[in-house]
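In: Show me how the following folds:
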Amino acid sequence: MGSRFLDSLFLPLIEAGTVVLGAVLFIILTMACEVGFRVGRSRGRTIKKSEEETSATSTLTAGMLALLAFMLGLTIDFAQNRFEARRDRVAEEATTIDTAWNRAKLIGGPEGEAMAALIADYAKTRLDFTGADYRGPVPALIARTEAQKDAIWALATEAARKSPTPVMATLVTALNSMFDAALSQRFAFDGRVPGDMIDMLIVGSMLAIGAMGYELGLGGIRQPVLSSLLLIMWTGGLVMTVDLELPRRGDIRVETAPLEWVIESFAKAPPGAPAPHP
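Out: Numbers count the residues shown, from 1 in each chain. I've put the predicted structure just below:
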């Protein structure tokens, strides 16, 4: 399940580009810091500050920032793991397609050549699915994948009934692995960071940065350079997390090179011969 706050407010910004998203997040955090500073400065003027109160404020603010840093690290880890899963699934799927194509070539005859041609078209569909963005025809590509899978399986079933050989058994196994890899890839692309984690991170960032501004205001001292550097670094972490979280948006995309290499190897293989491994 995705982040409702992120989906409703930040998807238009992500579509505009990560630079725009970063700029908006930086402005939001800067405003939170400024509001906290002004509240702290106002309170500092109306109360008699003591060493105990200053120490307590510093301790609480440091605790909030430490907890927020932990949340950011945890969320980035979740998002990165899902990105790596999608990346690994691409390589796995390319390998299974290459294996199935070569096994079909080993079968030979009209059935084997027909299956190899269908698997080559199937590989192109999977490449389109992997590289599609959020505006792409993803449902249509899923439907095409299913139709091609049915056609390949029908040919394999017919060939297996005619010639139930050990080589045919290896082809059936390879086809099962290829179809399973497609399902794993689809699940990996649909996987998201747990529901409200990014919501909590963004809201928590506003509160913690506001508390930092409050502490600075209580002391009556601005730190514009250091505060800006902290906000820039924090914004960068948030943007990277959001970018990793959404596989078909933003700038961080899964590479499709393994599928491209396999398709190229099919084109280079001599007629009737297995393809060289990419």
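In: could you pull out the strands for the stretch 51-200 of the chain?
Out: Along the stretch 51-200 of the chain, no segments are classed as strands by DSSP state E, counting those that start in this stretch.
In: ok now stretch 190-210, how far from the chain's centre?
Out: Shown here is stretch 190-210, whose average C-alpha point lies 16 Å from the average C-alpha point of the whole chain (Cα atoms, centre = their mean, to the nearest Å).
In: what comes up buried for stretch 242-254?
Out: Going by neighbour count (16 or more other Cβ atoms under 10 Å), the buried part of stretch 242-254 is 242-247, 249-250, 252-254. Placement of C-beta: from N, CA and C, glycine included.
In: Where does confidence bottom out across those?
Out: By predicted confidence (pLDDT), the lowest-ranked of the buried residues of stretch 242-254 is residue 250, with 72.
In: Helix, strand, or coil at it?
Out: Classification of residue 250 using DSSP: H, G, I helix; E, B strand; the rest coil returns coil.
In: check contacts around the nearest residue to it once chain neighbours are set aside.
Out: Excluding its sequence neighbours, the residue lying closest to residue 250 (Cβ to Cβ, 6 or more residues apart in numbering) is residue 243, at 3.8 Å. When contacts are counted by Cβ atoms under 8 Å, 6 or more residues apart in numbering, residue 243 is found next to 14, 18, 249-252.
In: remind me which residues of the stretch 1-150 of the chain are low pLDDT?
Out: 1-10, 47-53 (pLDDT under 70).
In: mind redoing it with 50?
Out: Counting by pLDDT under 50, the ranges of the stretch 1-150 of the chain that qualify are 1-2.
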